[in-house]
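Visitor: Need coordinates for the following:
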Amino acid sequence: MADTCCNREFQFFWKEARDIDRMARVWIAERFLSDEIARQRLFFLRDQDRSLRSTPYEQPALADVEVDDEGLVPLSSFKFDGSRLIHNGYAFTIFCTTSSPNSTHWLVNALCSAASTEDINVRLDPFLFGTEQDFPAMFYKMWQYGRPLDWERISRIREPEHGRWLPRYSLDHGQCTDLCWRPQDREIHFLCEELPRSGQAECEAAHYLHAIYVPSTSDAIHLDGALRLYTPDELDARSALHVRNCGKCGLRKKIFRTRSPVSRDRLSEIAQAFYVWNEDVRGYFYRTLASAGNPVDQPN
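Guide: Numbers count the residues shown, from 1 in each chain. Model prediction:
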């Protein structure tokens, strides 16, 4: 109780409350439940491949939707109403990537606004679905801007270029974010991973993004976003490495995948939406490298 009452985020919302002790208890209970739901969601994700027709895919409304061997379904099979994915009278959501149930709202908007959803597959959330009539549609306001970085400079790199961002404040999400541009033949592979905080491996997953950029066409010919699940020991070991040299550590489960070309602006928009609330990723794709003094050369 004492720690909660001194918490800067709690004070921001409730310092003027009449009954501070009551609000502190509510705050503690909400966070306990949020962490437990997130923990159960990741436990479910670890075991999902054992039965690809597990929830929500066992719903009769999805009987005519193909589930691939990675547990993803075609986005084109659903009607998007600005908040939910609708099919046969049922409403679904993309797999929630953080403990906050609204965290994939901007991601699904970015994916559904692509020129074509025919080559996009997504993972549905096992907890957040229901009949179209009863499952609530949620809308949020959080403006994002997707000005591209200095793609010409990236197109000319001959050696891997990498960086690491550290949180500026204790309330920031995650313990660090790694990124790397790696040239390979005529392609450039982009890797980015946001690691969960130490001690949170059971209820927070790492956000991992992989893209293959082709300078000659100015498009990404492949893009996928995944959650990497770590045990506490695996997270400690991963934290000592960088995404460029950590290999295939942890257990990777894809949340979405595209197989048709994605423009640079669309890649920027999807990346910002996938790393929701990560101001370093948003700022990186918002500003150009030229105007920012090459921010990825040195970790902050």
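Visitor: contacting residues around stretch 245-259?
Guide: Residues outside stretch 245-259 that contact it (CB atoms under 8 Å, 6 or more residues apart in numbering): 45-46, 48, 70-72, 75, 94-95, 97, 104, 107, 111, 114, 119-123, 206, 208, 222-230, 234, 237-238, 241, 274. From N, CA and C alone the C-beta is placed, and that goes for glycine too.
Visitor: Helices - which of the residues you listed land there?
Guide: The members of those that map onto helices under DSSP state H are 45-46, 107, 111, 234, 237-238, 274.
Visitor: Drop anything exposed from those residues.
Guide: Burial of these was assessed by neighbour count (16 or more other CB atoms under 10 Å); the buried members are 45, 107, 111, 238, 274.
Visitor: Quick check: the two most widely separated of the residues you listed?
Guide: 111 and 238 (27.2 Å; CB to CB).
Visitor: Below-threshold pLDDT in the stretch 1-150 of the chain: ranges please.
Guide: Counting by pLDDT under 70, the stretch 1-150 of the chain contains low-confidence residues at 49-52, 115, 139-148.
Visitor: Swap in 90 and give it another go.
Guide: Within the stretch 1-150 of the chain, the ranges that satisfy pLDDT under 90 run 5-18, 31, 46-54, 69, 81-83, 98-106, 109-110, 112-119, 136-150.
Visitor: Walking through it, point out its strands one by one.
Guide: Taking DSSP state E, counting those that start in this stretch as the criterion, the stretch 1-150 of the chain carries its strands at 73-74, 79-80, 85-87, 90-94, 120-122, 124-131.
Visitor: export those to CSV and tack on distance to residue 28?
Guide: Written out in CSV, the entries for the strands of the stretch 1-150 of the chain read as follows (distance: least, CB to CB, whole Å):
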stretch, distance to residue 28
strand 73-74, 37
strand 79-80, 36
strand 85-87, 33
strand 90-94, 27
strand 120-122, 34
strand 124-131, 22
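Visitor: want to throw those into JSON lines with mean neighbour count and distance to residue 137?
Guide: Supplementary listing: the strands of the stretch 1-150 of the chain in JSON lines, determined by neighbours: other CB atoms under 10 Å; distance: least, CB to CB, whole Å:
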{"stretch": "strand 73-74", "mean neighbour count": "19", "distance to residue 137": "20"}
{"stretch": "strand 79-80", "mean neighbour count": "14", "distance to residue 137": "11"}
{"stretch": "strand 85-87", "mean neighbour count": "19", "distance to residue 137": "10"}
{"stretch": "strand 90-94", "mean neighbour count": "23", "distance to residue 137": "8"}
{"stretch": "strand 120-122", "mean neighbour count": "25", "distance to residue 137": "18"}
{"stretch": "strand 124-131", "mean neighbour count": "18", "distance to residue 137": "11"}
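Visitor: Can you give the contact residues for stretch 53-72?
Guide: Here stretch 53-72 makes contact (CB under 8 Å, 6+ apart) with 44, 48-49, 52, 73-74, 77, 87-90, 92, 121-126, 129, 253-254, 256-257.
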